[in-house]
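Asker: Sequence below, structure please.
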Amino acid sequence: MLNFNSALLSVASDFVGQFAPYQSVEITPAPEGGVFIASTDKGNIACLAFDPSGTADESTCIIPSKDLMKATKGIKTGDRNIQINDDQAVVTTYKKTTANQVIEVPVMRSTVAFAPLSGAIQNCLDRWSNTPATSPTAGRYNLTYINKALRSLSVFDSSIALSAFDGGPLRIQGADNNLIILVMPQTAEPIPKIPYWLEKYARK
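Answerer: Predicted structure coming up:
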């Protein structure tokens with residue numbers, strides 16, 4: 001059985017691809033407790049989340065349906081939790097002002113192994129730990145992916161942090177550090193110079 005914050009599944013579902021092995025959300029138990037949730041759409045963008053209070057006795061890949069995404073979507077007026085047992089999910093919405101709401105949704109599991117995302121992240125971590133804090137290049141990022149990341153994170157936070165890793169993705173995350181969206185750069189380009197007019201404006 002799997003039990004975790006359903007909003008994390010909903011967000012991860014926004015970043016799946018259309019074809020195997022990218023069409024599913026990977027859910028795995030963390031070594032010291034909690035649950036990892038991950039998705040990617042063939043390398044343009046990746047979603048990585050962690051629910052420290054979640055539980056899982058198996059690793060699985062869920063193909064998100066429209067009904068599942070609707071039922072698990074995060075709301076600002078309450079919390080949602082999902083329990084997955086076999087091919088059935090029970091989503092419970094907890095609100096302070098009304099009784100708990102329960103929805104049952106069928107779950108489709110993928111028979112295709114998840115993309116090797118964790119290995120790619122490990123390669124990035126190895127690079128970032130051995131490179132200077134500053135980079136000679138800046139990434140150019142697709143606005144569609146950035147907008148999608150901002151929209152998904154807005155369920156959890158009204159303020160976010162953005163930081164670009166050298167030779168790698170733009171990291172977008174909220175305040176609790178349990179949900180990270182990585183937008184991969186299209187190209188590496190020289191860091192743009194400060195526009196000449198900005199200095200003139202500053203001196204006016």
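
Asker: pretty sure residue 141 contacts residue 172?
Answerer: No: contact criterion Cβ atoms under 8 Å: residue 141 and residue 172 do not qualify, at 10.0 Å. For every residue, glycine as well, the C-beta is placed using N, CA and C.

Asker: Which neighbours do these two have in common?
Answerer: Taking Cβ atoms under 8 Å, 6 or more residues apart in numbering as the contact criterion, the common neighbours of residue 141 and residue 172 are residue 183.

Asker: Please report how far the nearest residue to residue 187 once chain neighbours are set aside lies from residue 42.
Answerer: Residue nearest to residue 187 in three dimensions, not counting chain neighbours: residue 140, with 4.9 Å by Cβ to Cβ, 6 or more residues apart in numbering. Using Cβ to Cβ, to the nearest Å, one obtains 19 Å as the distance from residue 140 to residue 42.

Asker: Give me the more crowded residue out of the two.
Answerer: Neighbour comparison, residue 140 and residue 42: the larger count goes to residue 42, with 14 against 11 (by other Cβ atoms under 10 Å).

Asker: surely that one meets residue 15?
Answerer: No: under the criterion of Cβ under 8 Å, residue 42 lies out of contact with residue 15, with a separation of 10.5 Å.

Asker: Next up, phi/psi of the residue nearest the centre of the chain, please.
Answerer: For the chain, the residue nearest the mean C-alpha position is residue 47 (2.5 Å; Cα atoms, centre = their mean). Main-chain dihedrals, residue 47, degrees, to the nearest 10: phi -120, psi 130.
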